[in-house]
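>>> Give me coordinates for this.
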Amino acid sequence: MPKPAKVLTPLERRIMHVLWDDGAGNVQKVLQGLKGEPQLAYTTVQTTLNVLQRKGRVKRKLVGRAFEYSATVTQEAADSHAIKDVLHKVFQGSVDDLLLSLVRSKHLNAKKLAELQAKLETVRGAEEEEK
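Residues are numbered from 1 along each chain as shown. Sure, this is the predicted structure:
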């Protein structure tokens, strides 16, 4: 049996955001927490949560007469898988090509690079303190 893809589909990601932001909930709570368009049907949310449960991305427990779903994967882990997927599919694994593409498309400029450098130094400082 093939290993399920770790990258979330756009619909799965949309539903996972509700669980990441609002915590565990049943289908109705997830449906109410969804933002944006298109509006989803109850059965679509229910089916997608069940798919996520089969993939191991959420777990569920019976609370009363309804299942309550909670995320088993963090948003950081899901983002990391998505980035790795794009990196390998689009840029053949080249981080340099990814960054050059961001610069060429004007998504990354000198000001943003300076901001990122400052954040990186903060992260490095925190890592050093943990050692």
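>>> Domain boundaries for the chain, per the record?
1-93, 94-131 (automatic domain parsing).
>>> now do the same end-to-end measure for the last one.
The reference is to domain 94-131. Terminal residues of domain 94-131 lie 30 Å apart, using Cα to Cα, to the nearest Å.
>>> any idea how far E76 is from W20?
10 Å (Cβ to Cβ, to the nearest Å). (Glycine included, C-beta is placed from N, CA and C.)
>>> need the domains of the chain in TSV with mean neighbour count, can you?
Formatted as TSV, these follow (neighbours: other Cβ atoms under 10 Å):
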stretch	mean neighbour count
domain 1-93	14
domain 94-131	10
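>>> Least confident of the ones you listed, on average?
Across those, domain 94-131 has the smallest mean pLDDT, namely a mean of 89.
>>> Tell me who's in contact with L62.
E68 (Cβ atoms under 8 Å, 6 or more residues apart in numbering).
>>> and the helix or strand where it lies, how far out from the chain's middle?
Per DSSP states H and E, L62 falls inside strand 58-63. Centroid separation for strand 58-63 versus its chain: 20 Å, with Cα atoms, centre = their mean, to the nearest Å.
>>> before we move on, what about stretch 48-68?
For stretch 48-68, the distance to the chain centre is 18 Å (Cα atoms, centre = their mean).
>>> Show the end-to-end separation of that stretch, please.
14 Å.
>>> wait, what's in contact with T44?
T44 neighbours (Cβ under 8 Å, 6+ apart): L11.
>>> Surely it forms part of a helix?
Yes - residue state for T44 (DSSP: H, G, I helix; E, B strand; the rest coil) corresponds to a helix.
>>> Which residue, other than its chain neighbours, is closest to V30?
Sequence neighbours aside, V18 is the residue nearest to V30 in space, at 4.9 Å (criterion: Cβ to Cβ, 6 or more residues apart in numbering).
>>> Just confirm that neighbour contacts V27, I think it does.
No - here V18 does not reach V27: they are 10.6 Å apart, not a contact under Cβ atoms under 8 Å.
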